[in-house]
Every structure is written in structure tokens, then in C-alpha cells.
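Participant: Quick one: sequence plus predicted model below, questions after.
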Amino acid sequence: MACAAISVGFTIPQLLRGTSRIFPTHSALVVLRHSAFCHCTVNGTTKSKRKMDHLERTANNFRQEMISQAKVCGITNESETVKRLRLAITNKDFTFKAGQWVDFFIPGVSVVGGFSICSSPGLLERDGILELAVKRAVHPPAHWIHTECTLDSEVALRVGADLHEYQESKGYGYKMGTVKLYYSAKNTNELLFKKNILGLMNAFPGKITCHFHVTQQSSQICKEFQPYVTEGRISEEDLEKHVSKYTLWYICGPPPMIESISKLLANIGVPRDCVFFEKWW
């Protein structure tokens, strides 16, 4: 994928951790979220060792048993480095919830991909369509999508990380908390789904806010986004104002970015058990 994300939340009793990852890119993204319940594969800082594949990294995550066939029905360039894949799902019983990812099986490719779902469950219910946003990379599944995938290519999918089912089994009720998102990319073209994010900010004033950062912007930022965009990296000063005992921080991005932000958070007094992330590369 093409983004990095950090998500921070202020804990509220009986509050479910909401939406999960934001698509990783060579950019940095920070989300601040009010939340009390959380379930994450990895937390704290870790040192990168041998690179594991997707199935190894997620071996302990919940998965649905169903593997559904799917056919590629749309391919668009979301940016110069990210393709959005539209998939027509064959199995009518296939379902997912916001924040989940899929195991992505490609005929003739031995490596299994792992991609976050970027469309809503409503699109699947209405039209039988699921969408993925995939960053160009040498990783075989991503490479296949960017170089060989065509309309009508056939693949197979399996949903993983059903946090809602886990939450329901524990008897927790859902209540929307407050989310602050810090999202950084090379330039505004690489700020994927920025219009969708601004739409959410308008739909949920005071509940969802976003700060966009660009690090290598060469052209003028259009007037529509100027109020929301800062040139330069996400800084310690940006984050330290949100530090409290009620805050949870969720990070998504390349491992060096995750490690850098984790160290920054430690420096400003964030407890290690309040920092959550998953390393995918």
C-alpha cells in the first residue's frame, strides 16, 4: 500500500476500537482516537529481523474459514504508485467489517498477499464489490497487481482480523469516540482518499479531525486543501499536545517510520502499552 499511519485514542470505558489500518505508503500517518477496547497483533517497539511473509506475520489472527473466488472488474490509478482494484465477489455469503484485511491468493503466485480493504461493507452488500488499494512494490502479490493484473483476472480472498466478532463475544457495546488523524505523504497526490477523509470530518464535526503533511511538495497546494495541509514531517510538537493517560496511539507505515514514531512517543512520555502497530514489510 502507500501510506503510513499513527492512530491515537483517548480511552473511554466500554468503547470499541474502531476502524483499523490506514493504507501504508512511504508516508506517515497518525491517528488520534478515543477508545478503550483494543485488540492488536503487535504493540510497543520491536527490532526488525528476518522478513516474514504475510501468513507468518498474521498466523495468530482470527480468519474466516471461507475462501471466495473473485474477478477483477476495475483497475484505476489512485496515484502514480497506488492502484485501486475493484473485485466482484462470487460467493454471496462473503462478508467483512470496516477495518478488516484479506488474504489475497493469486493463481501461479506462491506468495499470499495481505491487503487492507478500502471500500465499505455497504458496497459489497449492494453491488457485490470489494475494493483494495495496493502500493507498487517488489513483493510478488503487489508486483503482480501492478504489472500483470487485468480486467477479468481471477483471484481468491479470505477475510482476517474480525475485531467486531471478538468484541461482540465479550459483550462490549459500540460507541463512537474521537479520532485525530495525522497523515503524511510525499505530496498531495499521494494523500490517498483525502476527499473521503474531509467528507468524514464534515459529517462528524468534533469527532474526526485530520492534519495532512507533505514532505516533498513541488507544486502549489490547491486552495481546497491548503487549510488542512502542513509542509514538513509530523513532529514531536504536533503529537505531544495529545499525550494523556487516556490516549491510545495506532501507527501504520513502513517499519523505519513505525520505529521512529515509537521512539518519538516514548520521548514525550507515552507508555509503551498505549502504542499499537502492525509491521507488514
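Facilitator: All right, it came through fine.
Participant: what about the stretch 101-250 of the chain, any weak spots by pLDDT?
Facilitator: 162-176 (pLDDT under 70).
Participant: what ranges do the helices span in it?
Facilitator: Assigned by DSSP state H, counting those that start in this stretch, the helices in the stretch 101-250 of the chain fall at 121-127, 140-147, 163-169, 194-203, 236-240.
Participant: Throw those helices into JSON lines and include mean neighbour count, thanks.
Facilitator: In short, each C-beta sits where N, CA and C put it, glycine included. Shown next, in JSON lines, are these (neighbours: other CB atoms under 10 Å):
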{"stretch": "helix 121-127", "mean neighbour count": "12"}
{"stretch": "helix 140-147", "mean neighbour count": "18"}
{"stretch": "helix 163-169", "mean neighbour count": "15"}
{"stretch": "helix 194-203", "mean neighbour count": "14"}
{"stretch": "helix 236-240", "mean neighbour count": "14"}
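Participant: Out of these, flag the one nearest Phe225.
Facilitator: Closest to Phe225 of these, according to CB to CB: helix 194-203, at 6.8 Å.
Participant: what bridges to Ile117?
Facilitator: Beta-bridge partners for Ile117, by DSSP bridges, are Leu132.
Participant: if we can go back for a sec, any chance of the helices of the stretch 101-250 of the chain in JSON lines, plus distance to Phe105?
Facilitator: Formatted as JSON lines, these follow (distance: least, CB to CB, whole Å):
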{"stretch": "helix 121-127", "distance to Phe105": "18"}
{"stretch": "helix 140-147", "distance to Phe105": "9"}
{"stretch": "helix 163-169", "distance to Phe105": "22"}
{"stretch": "helix 194-203", "distance to Phe105": "28"}
{"stretch": "helix 236-240", "distance to Phe105": "38"}
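Participant: Which of these sits closest to Val229?
Facilitator: helix 194-203 (9.1 Å).
Participant: residues contacting the nearest residue to Pro141 once chain neighbours are set aside?
Facilitator: Among residues not flanking Pro141 along the chain, Gly113 sits closest, at 2.9 Å (CB to CB, 6 or more residues apart in numbering). Residues in contact with Gly113 (CB atoms under 8 Å, 6 or more residues apart in numbering) are His54, Asp103, Phe104, Phe105, Ile106, His139, Pro140, Pro141, Ala142.
Participant: which of those lies closest to Pro254?
Facilitator: Checking the contacts of Gly113 one by one against Pro254 (CB to CB), the nearest turns out to be His139, at 12.4 Å.
Participant: Does that closest one touch Val109 like I think?
Facilitator: No - applying CB atoms under 8 Å as the test, His139 and Val109 come out as separate, 10.4 Å apart.
Participant: in stretch 145-161, what counts as buried?
Facilitator: For stretch 145-161, burial by neighbour count (16 or more other CB atoms under 10 Å) applies to Ile145, His146, Cys149, Ser153, Val155, Ala156, Leu157, Arg158, Val159, Gly160, Ala161.
Participant: Any idea what the residue nearest to Pro141 is bridged to?
Facilitator: In beta-bridge terms (that is, DSSP bridges), Gly113 pairs with Phe104.
Participant: Against Asn189, how distant is it?
Facilitator: Using CB to CB, to the nearest Å, Gly113 is found at 24 Å from Asn189.
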